[in-house]
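Colleague: Starting from these lines, generate the structure:
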Amino acid sequence: MNTKGLLIHWMIFGVIISIGIFFLLSSQSKIPLTEKTKWSLDFLTLNYLPAEKNLLQQDSIARNVGAEAALELASRGGFRLGDSSVCGTIEGGGRVNLWNKGEVWCFPDLKIQIEALSKLKLLTRTKRSFKEISYHEDIYYGLAEKESISSEVGSYTFNPSFAVDLRYSFDEYFTVEDQAQSLVSRCRNDPELVACLANNKPSSWLYEGCEESLKIKDSQINARQIIFCVLSPKNSILITFDENAPLISIPNRVVYNLALDFTPWATNPIRDLTVNSLEEGFKLSFSQNLLADSYNIYYTNWEAVEEKKGSAEEVFVGLPSESLQTFKQVVNLNNPDSENCLEVKIPGEVYLCNGKIEYLLKDIKFEPEAKYFMAATSVKGSEEGEIAGFVEAVR
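Modeller: Below you'll find the predicted structure:
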């Protein structure tokens, strides 16, 4: 049952009954109506009441339009029909908007989307233009210019702006956006994407189809672009109704449909480093990262790093002073543009052989039968990837 529709109905009905009783009693009274009293009644009937009735009806329509706009935007990841994310879309029972493309995030501009969608709906249903439509917390509001209703007894000026409580805030998007960024950060570089998502996504995040039993489609896994159906973090329910039958209301759970791109970034951790001992040093090999500008090779004789991983800064916290017979060295390698593999390789030169980076590492600190630990990272601009782990090597 729609309480707003009932309220409008009974308020208007009550006012009409009151006026009718007033006229009935006035006609039976021996006290004649003065011109001033008659003018007041006429002004109330012909000017004030039509304006108030219009505003009450408009509030009901506005609440319905606000709920519809919220549901429609959520179903398209915050973008209205006819608009789409600059990060692109992917196919999934219709085009689903991507919220990111690699490192670039393309969140919807909610203020713009809400206003554009609402203005059109309200103009169609109220025949009124609003100069601003937006929200503040749970309040959905529209600002309009003053209007007047004129009759033979005068003119009544009123403000047709509205402010209605949706019991839902568009600020929920910020919660979903934070969850999205956290999930991409945790899983973008994980080769076991499905397992990573299962272990890290919030329980309110389901896959395409919005059923817990549904799994990710193989095509999405291969592209590392996943469609999600995100249930409202606050379990928000929006009430809509048919304006031709306002006493019948429909509860709708807010559900956000969106897609995320888990393509590894340029600084993807290097996990396949191999180290072979040579007479003059060590041969290091790992898969080329086409997006990287360069690579950093770390090597040390500090055994505490053996089980460590993370940023280089974190890994080497606590490294003893080199005066205590420990050392840490870093070598930066350029990322070759093309294959330059040679059968006989020169120490200190970087080679690309069948998609693998190969490098001969030589250092006067290397001693026979000594143990060393080596790791490699990708570098893009000022960003360096994490150390995935160290490889033990013995001369």
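Colleague: where does the stretch 201-350 of the chain have low pLDDT?
Modeller: Scanning the stretch 201-350 of the chain for pLDDT under 70 picks out 246-247, 322-324.
Colleague: where do the strands sit along it?
Modeller: For the stretch 201-350 of the chain, applying DSSP state E, counting those that start in this stretch gives strands covering 205-207, 225-231, 237-241, 249-253, 255-261, 274-278, 281-287, 294-300, 328-334, 350-353.
Colleague: For Leu166, which of the ones you listed is the nearest?
Modeller: Ranking the strands of the stretch 201-350 of the chain by proximity to Leu166 (Cβ to Cβ) places strand 237-241 first, at 6.7 Å. C-beta: built from backbone N, CA, C; applies to glycine.
Colleague: Partner strands of that closest one and their direction?
Modeller: strand 249-253 (antiparallel) (DSSP bridges).
Colleague: rewinding a little: Lys38 is nearest to which of the strands of the stretch 201-350 of the chain?
Modeller: strand 237-241 (39.6 Å).
Colleague: ok, residues contacting that closest one?
Modeller: Identification of contacts with strand 237-241 by Cβ atoms under 8 Å, 6 or more residues apart in numbering yields 2, 5, 64, 67-68, 70-71, 166-168, 247-254.
Colleague: Buried only: go through those residues for me.
Modeller: Taking 16 or more other Cβ atoms under 10 Å as the criterion, what is buried in these is 2, 5, 64, 67-68, 70-71, 166, 168, 249, 252, 254.
Colleague: Excluding covalently adjacent residues, which one is nearest to the residue nearest the centre of the chain?
Modeller: Central residue of the chain (Cα atoms, centre = their mean): Glu177, 3.1 Å from the mean position. Spatial nearest neighbour of Glu177, chain neighbours left out: Phe107 (5.5 Å); criterion: Cβ to Cβ, 6 or more residues apart in numbering.
Colleague: you'd agree Lys121 is up against Ala69?
Modeller: Yes. The pair Lys121 / Ala69 is scored as a contact, 6.8 Å apart, by Cβ atoms under 8 Å.
Colleague: These two: who's more crowded?
Modeller: Applying other Cβ atoms under 10 Å to Lys121 and Ala69 shows that Ala69 carries more neighbours, namely 26 against 18.
Colleague: Tell me who's in contact with that one.
Modeller: For Ala69, the contacting residues are 114, 117-118, 121, by Cβ under 8 Å, 6+ apart.
Colleague: Put together a markdown table for those, with distance to Phe228, secondary structure and pLDDT on each row.
Modeller: Listed next are these as a markdown table, based on distance: Cβ to Cβ, whole Å; DSSP: H, G, I helix; E, B strand; the rest coil; pLDDT from 0 to 100:
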| residue | distance to Phe228 | secondary structure | pLDDT |
| --- | --- | --- | --- |
| Ile114 | 22 | helix | 96 |
| Leu117 | 22 | helix | 95 |
| Ser118 | 26 | helix | 95 |
| Lys121 | 27 | helix | 93 |
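Colleague: from those residues, which is closest to Trp302?
Modeller: For the contacts of Ala69, the nearest to Trp302 is Ile114 (56.0 Å; Cβ to Cβ).
Colleague: taking the buried ones among the contacts of strand 237-241 one by one, which sit in helices?
Modeller: 5, 64, 67-68, 70-71 (DSSP state H).
Colleague: any idea where the helices of the stretch 51-200 of the chain begin and end?
Modeller: For the stretch 51-200 of the chain, applying DSSP state H, counting those that start in this stretch gives helices covering 110-126, 172-187, 193-200.
Colleague: Between those, which one is closest to Ser60.
Modeller: Nearest of these (Cβ to Cβ): helix 110-126, 10.2 Å.
Colleague: residues of that closest one that come out buried?
Modeller: Neighbour-count burial for helix 110-126, counted by 16+ other Cβ under 10 Å, picks out 110, 113-115, 117-119, 121-122, 126.
Colleague: Ser129 contacts Lys119, correct?
Modeller: Yes. Using Cβ under 8 Å, Ser129 is in contact with Lys119, at 7.4 Å.
Colleague: Which phi and psi values does the closest residue to Leu123 other than its chain neighbours adopt?
Modeller: Spatially, and ignoring its direct neighbours in sequence, Leu123 is nearest to Ser129 (6.0 Å; Cβ to Cβ, 6+ apart). Backbone torsions for Ser129, taken as degrees, to the nearest 10, come to phi -100, psi 140.
Colleague: May I see the buried residues of the longest strand along the chain?
Modeller: In the chain, with assignment by DSSP state E, the single longest strand is strand 371-380. Within strand 371-380, the residues scored as buried using 16+ other Cβ under 10 Å are 372-380.
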